[in-house]
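A.B. asks: Show me the folded form of this:
(one chain, ligands or ions: 1)
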Amino acid sequence: MKFPKHLITLSLPLICLAVCYCAPTQIETAVPSVSEFVKIKPPHFSKLPTSSNPKYAIANLIEISEVDPSIIIHLQYTRPSRVAKSPLYSKNFPALLRPETALRLKHANNIVKKYGLRIKIWDAYRPPSAQMKLFNASGRDERFVANPERAASQHSCGTAVDITLVKANGNAIPMPTGFDVFTPQASSFYNHSDPVVAKNLKILQYAMHSSGFHHLPREWWHYIDINYKNYPDTVPLSAINL
Ligand SMILES: [Zn+2]
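C.D. replies: Predicted structure coming up:
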């Protein structure tokens, strides 16, 4: 059967439009199973970057944007949040980490890029004074917020980071919960019925574990550098002179 030429000319753009519209925005790449990715040896960095900002360099911190400008920064505590009803940080508060932790995050971001995604930062270095305010704002509830009088938060040492995944253009994708939502769905091990949420969480866990991060069982968004013991000291806000 032969189609009239003008019909083919008309229908081709429509077919292309339909394919583009229906095509998944995520690149379909297989995600390794947990038993596979836990065996991946995390990277070792023989040379660590130094911040171009002398204040941060002296404190042995670096802005994440200096290490990987494609990581999206959206610090949650620059505005009222679920736990802290008033902002803990100033509007221009920087997203800082230890240089080694920042390099691990860059490594993880390169992995999620294979899936058409990006890491988005919810929180990074958190001054000890902000940790104290957060703990008090939680009603001093140690189930959800680390008590800084008992032990230093890894955030205050610059070795912990709270993250989610977004599309390359920054748009949200289905993830288990929002930030600081303390429901069973926030568990790193929750069995999500939505296969898209389950897959996105698995991509995050694969990227972070194979880059050298531990997860926190109760918060799917919280990760700690495996070498956190090399950086035991908290960094006071005064050290970065903000
Ligand atoms: Zn955290």
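A.B. asks: what about Tyr206, helix or strand, and which?
C.D. replies: Tyr206 is part of helix 195-209 when elements are defined by DSSP states H and E.
A.B. asks: where along this structure do the strands fall?
C.D. replies: Chain-ordered strands for the chain, with DSSP state E as the definition, fall at 62-63, 72-73, 96-97, 117-123, 160-167, 213-216, 219-225.
A.B. asks: Run the chain-centre distance for the fourth one.
C.D. replies: When you say that, I think you mean strand 117-123. Distance of strand 117-123 from the chain centroid (C-alpha atoms, centre = their mean, to the nearest Å) equals 4 Å.
A.B. asks: what's the answer for the first one, then?
C.D. replies: With C-alpha atoms, centre = their mean as the basis, strand 62-63 stands 15 Å off its chain's centre.
A.B. asks: ditto for stretch 148-156
C.D. replies: On C-alpha atoms, centre = their mean, the centre of stretch 148-156 falls 20 Å from that of its chain.
A.B. asks: Nearest spatial neighbour of Leu117, chain-adjacent residues omitted?
C.D. replies: Leaving aside its chain neighbours, Leu117 sits nearest to Leu165 (4.8 Å; criterion: C-beta to C-beta, 6 or more residues apart in numbering). Just so you know, the C-beta spots here come from the backbone N, C-alpha and C atoms, and that holds for glycine as well.
A.B. asks: bridging residues for that neighbour?
C.D. replies: Counting by DSSP bridges, Leu165 forms beta bridges with Ile119.
A.B. asks: Could I get the pLDDT score of it?
C.D. replies: At Leu165, the pLDDT value in this model is 98.
A.B. asks: now Ala146
C.D. replies: Reported pLDDT for Ala146: 88.
A.B. asks: Identify the residue spatially nearest to the one residue in the chain that gets nearest to the ion, adjacent ones excluded.
C.D. replies: Ranked by C-beta to the ion, the top residue of the chain for proximity to the ion is His222, at 3.6 Å. Leaving aside its sequence neighbours, His222 sits nearest to Leu216 (C-beta to C-beta, 6+ apart; 4.2 Å).
A.B. asks: Name all residues that make contact with the one you found.
C.D. replies: 188, 222-224 (C-beta atoms under 8 Å, 6 or more residues apart in numbering).
A.B. asks: Kindly report the same for Ala137.
C.D. replies: Counting by C-beta under 8 Å, 6+ apart, Ala137 has contacts 83-85, 145.
A.B. asks: who's in contact with the residue nearest in space to the middle of the chain?
C.D. replies: Nearest to the mean C-alpha position of the chain, counting by C-alpha atoms, centre = their mean, stands Ile163 at 2.1 Å. Applying C-beta under 8 Å, 6+ apart, one finds that Ile163 lies in contact with 105, 119-122, 204, 208, 221, 223.
A.B. asks: Enumerate the residues of this protein near the ion.
C.D. replies: Within the chain, the residues that sit near the ion (C-beta under 5 Å from the ion) are 162, 222.
A.B. asks: What ranges in the chain fall below the confidence cut-off?
C.D. replies: 1-28, 242 (pLDDT under 70).
A.B. asks: so which of the strands of the chain is the most packed in?
C.D. replies: Ranked by mean neighbour count under mean count of other C-beta atoms under 10 Å, the strands of the chain are led by strand 96-97, which reaches a mean of 26.
A.B. asks: Partner strands of it and their direction?
C.D. replies: strand 62-63 (antiparallel).
A.B. asks: hmm, who's touching the partner strand?
C.D. replies: If you take C-beta under 8 Å, 6+ apart as the criterion, strand 62-63 is touched by 49-51, 53, 56, 94-99, 102.
A.B. asks: hmm, which of these are the buried ones?
C.D. replies: 51, 53, 56, 94-99, 102 (16 or more other C-beta atoms under 10 Å).
A.B. asks: I am finished for the moment; much appreciated.
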